[in-house]
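Engineer: Please find the sequence and the predicted model below.
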Amino acid sequence: MTPKFDNLHRFEHLSPTLKAALEQRAITQMKKYHVLFKIMKVTSHEIIIQTSQLQKDDNEPNIKEVLVKVTEEVFSPFLYGRRLRIGVKLFIPTNTDVVDAQWILDKMAQQKLKFEDLERILGIEKYTLSVYTSGKYKLNRAEKGIFFYFLPTVI
């Protein structure tokens, strides 16, 4: 799945070709560093970017500095005299991070639940449950939260 680069339309000062080049640069770094760039504001004087870390990187002790540098490298060629301001949102682990396809299947087996039961209890269609438990789809935090907080309590 290709990451979504939020609010590219705010770069009104760029031609479609330059927007495409910026988007490609951003998406490459988003995949590499597991971040999301969100363009918060573009004026004639400044560009404000929020860089959000989407998963924990235990290999990089100075991740905030790395993300600022990466953001500068992506956007600096497209500033055209504007000041770049960067906000970094670091990933904060939660209890729900343990939830994945195997975790769901294990909980279902422990509680002797079928997809039909979860469809009724959680309001999630069987097809979607099948996708979630196949391991081919990476659950987002909201989806993980549904399973983490409601699945253990359905007995």
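Structural biologist: Cool, the structure landed. Numbers count the residues shown, from 1 in each chain.
Engineer: for the spatially most central residue of the chain, what are its contacts?
Structural biologist: In the chain, the centroid-proximal residue (CA atoms, centre = their mean) is L54; its distance is 4.6 Å. L54 makes contact with H34, V35, L36, F91 under the criterion CB atoms under 8 Å, 6 or more residues apart in numbering. All C-beta atoms are positioned from the backbone trio N, CA, C, and that covers glycine.
Engineer: Drop anything exposed from those.
Structural biologist: V35, L36 (16 or more other CB atoms under 10 Å).
Engineer: Reformat the contacts of L54 as a markdown table; add distance to L79, secondary structure and pLDDT.
Structural biologist: Converted to a markdown table, the contacts of L54 look like this (distance: CB to CB, whole Å; DSSP: H, G, I helix; E, B strand; the rest coil; pLDDT from 0 to 100):
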| residue | distance to L79 | secondary structure | pLDDT |
| --- | --- | --- | --- |
| H34 | 25 | coil | 87 |
| V35 | 19 | strand | 91 |
| L36 | 20 | strand | 92 |
| F91 | 27 | coil | 87 |
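Engineer: for the residue nearest to the centre of the chain, phi and psi?
Structural biologist: phi -90, psi -20 (degrees, to the nearest 10).
Engineer: One more: L139?
Structural biologist: In terms of degrees, to the nearest 10, the main-chain angles of L139 are phi -70, psi 140.
Engineer: Give the burial count for it, as a bare number.
Structural biologist: 20 (other CB atoms under 10 Å).
Engineer: Hmm, it is touching V99, no?
Structural biologist: Yes. Taking contacts as CB atoms under 8 Å, L139 lies within contact range of V99: 6.3 Å.
Engineer: got any residues that touch both of the two?
Structural biologist: In contact with both L139 and V99: F147, using CB under 8 Å, 6+ apart.
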